[in-house]
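K.L.:
What shape does this take:
(chains A and B)
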2 protein chains.
Amino acid sequence: MRATVMYGAGDVRVENVPDAQIKESTDALVVVTRAAICGSDLWPYKGMQPSDIGRRMGHEFIGVVEAVGKDVHKIKVGDLVAAPFAWSDGTCEFCQQGLHTSCLHGGWWGGTELDGGQGEAVRVPQADGTLYPLPVSRDHALMPSLLTLTDVMATGHHAAVTAKVSRGKIAAVVGGGAVGLCGVIAAKRLGAEQIIFLDRHADRISLAKEFGATDIVSERGDTAIERVLTLTNGLGAHSVLECVGYEESTRTALSIARAGGAVGRVGVPQDEAMPVAMPTFFRNVTISGGPAPARAYFDELLPDVLEGRIQPGKVFDYAGDISKVPDGYRAMYDRKAIKAIIAF
Amino acid sequence: MRATVMYGAGDVRVENVPDAQIKESTDALVVVTRAAICGSDLWPYKGMQPSDIGRRMGHEFIGVVEAVGKDVHKIKVGDLVAAPFAWSDGTCEFCQQGLHTSCLHGGWWGGTELDGGQGEAVRVPQADGTLYPLPVSRDHALMPSLLTLTDVMATGHHAAVTAKVSRGKIAAVVGGGAVGLCGVIAAKRLGAEQIIFLDRHADRISLAKEFGATDIVSERGDTAIERVLTLTNGLGAHSVLECVGYEESTRTALSIARAGGAVGRVGVPQDEAMPVAMPTFFRNVTISGGPAPARAYFDELLPDVLEGRIQPGKVFDYAGDISKVPDGYRAMYDRKAIKAIIAF
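P.N.:
Below is the predicted model of the structure:
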């Protein structure tokens, strides 16, 4: 089968690899119908050390179940299923409390051991716990929005939830990639009254406004912090969604949170330490977030997608078949595209 | 009047200073009956640059109201009052939400502009918002426990609240000073089933056990982390109370929190950056806490003190009159005393 393999920084190839197949009795075999390239795929695309064996890529996909192991009971052959960006058994104590990304028997797609979503088929471990059956046909018009539930929309929602967005509050979204844009959707959906969007790319700003952003801050660093303070009566935002992961963006996020406010960070941290321990302490700012338990959020978000109340699929501005994957990485890396969707 | 002034590291003096007096119409003049030396007073005692004018000390005190300004209506002359470690108007949006330490018109005791609590009298700004009348006589036997409500018991409680301690949970308390010991009381009071106390001083360990600690970890660094993981089935504590503020203690606290858990930090951070951004991110650990809004917690904690359900006053193991203040600092700094109470 054809699948995406990364061999080093900037070196992504679509290659023939061994066909995916069931190995464990709790596996399902899923033939991929849609996949996406993620902003987090760009971290290794930027910095991965060269590797001879390479690393299978992709963790956002929808597909049709072709086979299941003998211990798979909920998922059936023929189901159209969405796979969240982490797999999980659905039964351990962390899954039961809705933190599927910390599943005691779960893990992550791709790498050197598992199939990735940017390929024709995937062996899905813990299929009953991992996969979410979708009540639509495989080429439904809402497929792009449904695909975002596997990662970016769930992640934007997680940022908003952990930043404690609620009705009437002021939210600020740091970073305007697909996750930040979905964070705007999530903040609006949870009732934020004012949504400040921090990014400087015209295409993203335009989409953020469409999604509900009320104020745009295109400056960076201290100037951005000052602008947000000015926009919030000098007090800062109640809820800050950190959707980047760099030290500067984290510093900005922590600095624009008001006393007693919360920062939900979902951008993968690129540094060991977190800045501004002291000011956040004195303002009693809560720092929360992490990898979104996307599996836990399907029940809540799916109806809003199916009934058209949110349209996160608009973050896709690049589409192609699997042969376009390397070009999709490049377009996203060069900020010529926000996010790429791959149809099989 | 006599008051405590710090002139540099290790240089604390009791001196004659100008009498405290009412300056603003919202002030009260309080004659101090009890005061305490705080673990946070030891930070400048350790590192303060020499100063000619010095810095007035003390932020935990109880006293009798001797006079009030014309705009003070709730507090009356003759009231016995407790002063939380920050003063606040009680009416701004932060006070209304219970975050009095971020009061828009509040501030901190002592320094170069205001009286400190370790002196014979104090001008109390925003008296109606700041002071809490106590329904007991000035020499009541519970005075030490009542005095802890001005800071250490409130701070331990804040650590427990922001670390989300609740019934049946595992709590870990990092640091066994007076605040950590009060953190044990608070964790027990909020229903923690297992309370792991991290400290290595025999006197503190003994008191922690009396307060409800179920496990003691006297190791430090990675060994301490391993021990806590062993005690918690490899998963870590649901709630971690960081009661020190050093980088190592913060690293320990963040490392022993389980996935989805919370760290309530109340130790004043001594470093600009916060360690382990990455692991806490991947485990969705929430970092919260800050200066405790002690004023907000009186209503909840006072009945438990008055009815003897908690006895935080046991943290005082050094007592004297104002002449003993310099010796009290030294005893606490040398770890010969946990906490000093001063009677006037």
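K.L.:
what about chain A, any weak spots by pLDDT?
P.N.:
By pLDDT under 70, chain A has no low-scoring segment.
K.L.:
what does it put close to chain B?
P.N.:
A:94, A:97, A:99, A:101-102, A:162, A:250, A:259-260, A:265, A:268-269, A:271-278, A:280-291, A:293 (CB under 8 Å from any CB of the partner chain). No exception for glycine: its C-beta is placed from N, CA and C like everyone else's.
K.L.:
Could you check how far the most centrally placed residue in chain A is from chain B?
P.N.:
Among the residues of chain A, the one closest to the centroid is residue A:152, at 2.8 Å (CA atoms, centre = their mean). Distance, residue A:152 to chain B, by CB to the nearest CB, to the nearest Å: 17 Å.
K.L.:
Next: residue A:232.
P.N.:
From residue A:232 to chain B the distance is 12 Å (CB to the nearest CB).
K.L.:
Which residue is the nearest non-sequential neighbour of that residue?
P.N.:
Take residue A:232 and drop its neighbours on the chain: the residue closest to it by CB to CB, 6 or more residues apart in numbering or on different chains is residue A:170, 5.7 Å away.
K.L.:
The one you found and residue A:193 touch, don't they?
P.N.:
Yes - with contact defined as CB atoms under 8 Å, residue A:170 and residue A:193 form a contacting pair (6.7 Å).
K.L.:
quick one, which of those two is more surrounded?
P.N.:
Legend: neighbour count by other CB atoms under 10 Å in any protein chain shown for residue A:170 and residue A:193, higher for residue A:170 (26 against 13).
K.L.:
who's in contact with the more buried one?
P.N.:
Applying CB atoms under 8 Å, 6 or more residues apart in numbering or on different chains, we find residue A:170 in contact with A:192, A:193, A:194, A:195, A:196, A:232, A:237, A:238, A:239, A:258.
K.L.:
List buried residues within the residues of chain A next to chain B.
P.N.:
A:94, A:99, A:101-102, A:162, A:250, A:259-260, A:265, A:268-269, A:273-278, A:280-281, A:283-291, A:293 (16 or more other CB atoms under 10 Å in any protein chain shown).
K.L.:
Sort out for me which of those residues are in helices.
P.N.:
A:94, A:162, A:250, A:277, A:278, A:280, A:281 (DSSP state H).
K.L.:
which residue packs closest to the fifth one, ignoring adjacent ones?
P.N.:
Which is residue A:278. That would be residue B:269: by CB to CB, 6+ apart, it lies 5.0 Å from residue A:278.
K.L.:
mind listing what that neighbour touches?
P.N.:
Residue B:269 neighbours (CB under 8 Å, 6+ apart): A:277, A:278, A:281, B:245, B:250.
K.L.:
Specify the beta-bridge partners of the residue nearest to residue A:232.
P.N.:
Applying DSSP bridges to residue A:170 gives these bridge partners: residue A:194.
K.L.:
Distance of it relative to chain B?
P.N.:
For residue A:170 relative to chain B (CB to the nearest CB), the value is 12 Å.
K.L.:
quick one, strands of the stretch 151-300 of chain A?
P.N.:
A:170-174, A:194-198, A:215-217, A:237-242, A:257-265, A:286-289 (DSSP state E, counting those that start in this stretch).
K.L.:
Stretch A:124-144: how far from the chain's middle?
P.N.:
16 Å (CA atoms, centre = their mean, to the nearest Å).
K.L.:
now for it, what's the gap between its first and last residues?
P.N.:
21 Å (CA to CA, to the nearest Å).
K.L.:
Around the closest residue to residue A:248 other than its chain neighbours, count how many other residues there are.
P.N.:
Ranked by CB to CB, 6+ apart and with sequence neighbours excluded, the top spatial neighbour of residue A:248 is residue A:221, at 6.5 Å. Residue A:221: 11 surrounding residues under other CB under 10 Å.
K.L.:
what do you get for residue A:21?
P.N.:
Residue A:21: 13 neighbours (other CB under 10 Å).
K.L.:
Over to residue A:223?
P.N.:
Neighbours of residue A:223 using other CB under 10 Å come to 11.
K.L.:
what residues are up against it?
P.N.:
Per CB under 8 Å, 6+ apart, neighbours of residue A:223: none.
K.L.:
so where do the helices sit in the stretch 101-250 of chain A?
P.N.:
A:127-130, A:143-148, A:152-162, A:178-189, A:202-211, A:221-231, A:247-255 (DSSP state H, counting those that start in this stretch).
K.L.:
Next, format the ones you listed as a markdown table and append distance to residue B:43.
P.N.:
What follows is the helices of the stretch 101-250 of chain A, written out as a markdown table (distance: least, CB to CB, whole Å):
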| stretch | distance to residue B:43 |
| --- | --- |
| helix A:127-130 | 49 |
| helix A:143-148 | 48 |
| helix A:152-162 | 31 |
| helix A:178-189 | 38 |
| helix A:202-211 | 43 |
| helix A:221-231 | 27 |
| helix A:247-255 | 22 |
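K.L.:
Who are the contact partners of the nearest residue to residue A:311 once chain neighbours are set aside?
P.N.:
Spatially, and ignoring its direct neighbours in sequence, residue A:311 is nearest to residue A:145 (5.8 Å; CB to CB, 6+ apart). Residue A:145 makes contact with A:153, A:305, A:310, A:311, A:312, A:313, A:314, according to CB under 8 Å, 6+ apart.
K.L.:
and with 7 Å instead?
P.N.:
A:305, A:311, A:312, A:313 (CB atoms under 7 Å, 6 or more residues apart in numbering or on different chains).
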